[in-house]
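>>> Everything below, folded, please.
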Amino acid sequence: MLVNLNEVLLDAQKNHYAVGLFNTTDTDMLQAVIEAAEKLRSPVIIGTAEILLPYGELSLIAPSVIAAAKRASVPVVVHYDHGLTFERCMEALRLGFSSVMYDGSAKPYEQNVAETREIVRIAHAFHATVEGEIGHVGNADGADPSVDRYTTVSEAQKYLEDTGVDALAIAIGTAHGQYKTAPQLSFDRLREIRSAIGVPLVLHGGSGLSDSDFRRAIEHGIAKVNIFTDLCLAGMKANAQSVQDGSDYLAARNAKKDAIAAAVERKILLFGSSGKA
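Next comes the predicted model:
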């Protein structure tokens, strides 16, 4: 069933588990994620991000992801992740996405707030939810460890008050992409922010974190975790094995799908959302 973020994250926040966002750039990944969620009876979040559109155009993939969500026997949020432009966020809403993230975190604060607030106003008219970001989750290969990029409590409180977003992505030391060195997460900062604000908190840059990091982050208040790179790595490994085995195209496709589904299952079990649908 197609739902929005509030219909899955509020329960996750209350009951101390997290729901995974698994970006799906094609129907192979889409099938894998839905199958894993239905097998484990878990709510799930699927979608794509603006940076991924060159690999799966929004108007092409939207009908399939929305139809799959409506058919699913578990709650499925269709989320437009890291929307960088107003126009693309509006396109996602018109196409039927039940949630959008507007990422103005790299812009001046007042501009970020004004644009996010307007998207919140419009999205709520669609009965869709909005995720915002304060602080900046960088790239795993370009983070400067000497720079404190952690979101502060005061930033989170003010941003939430100024924008009215339904969920908030915060920076506590994670990064997008494949980590070159182990990330240094500030669980103290996460705990402080969780105690100060009421909306569900989101962890970006989740691929590559240790199981212990995930468990601690969820224990201290994370309700949504974004995963993409780990799915790509699982699919790439399966493709390489299929080439080595001499598999034909269709057998290789199914092997890739099954490997991605197995990766999703591991995350669902780790996040504690199994059986919550």
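>>> quick one: the strand ranked longest in the chain to chain centroid distance?
Counting by DSSP state E, the longest strand found in the chain is strand 76-83. Taking C-alpha atoms, centre = their mean, to the nearest Å, one finds the center of strand 76-83 at 7 Å from the center of the full chain.
>>> Partner strands of it, with direction?
Partner strands and pairing direction for strand 76-83 (DSSP bridges) are strand 2-3 (parallel), strand 44-49 (parallel), strand 99-102 (parallel).
>>> which other residues reach the second one?
By C-beta atoms under 8 Å, 6 or more residues apart in numbering, the residues outside strand 44-49 that reach it are 5, 8, 19-25, 30, 33-34, 36-37, 56, 58, 61, 65, 68-69, 74-83, 97, 99, 224, 228, 268, 273. Backbone N, C-alpha and C define where each C-beta goes, glycine included.
>>> Among the residues you listed, which ones are in strands?
Among those, the ones falling in strands (DSSP E) are 19-23, 76-83, 99, 224.
>>> closest to residue 127 among these?
Distances from residue 127 to those, taken as C-beta to C-beta, are shortest for residue 99 (10.2 Å).
>>> how close does residue 271 sit to residue 253?
Per C-beta to C-beta, to the nearest Å, residue 271 is found 27 Å from residue 253.
>>> Quick one: residues contacting residue 83.
Residues counted as contacts of residue 83 (C-beta under 8 Å, 6+ apart) are 49, 50, 89, 92, 100, 101, 102, 103, 119.
>>> So among those, which ones count as buried?
49, 50, 89, 92, 100, 101, 102, 103, 119 (16 or more other C-beta atoms under 10 Å).
>>> Wait, the third one touches residue 120, no?
Read it as residue 89. No - the criterion here is C-beta atoms under 8 Å, and residue 89 misses it with residue 120 at 10.5 Å.
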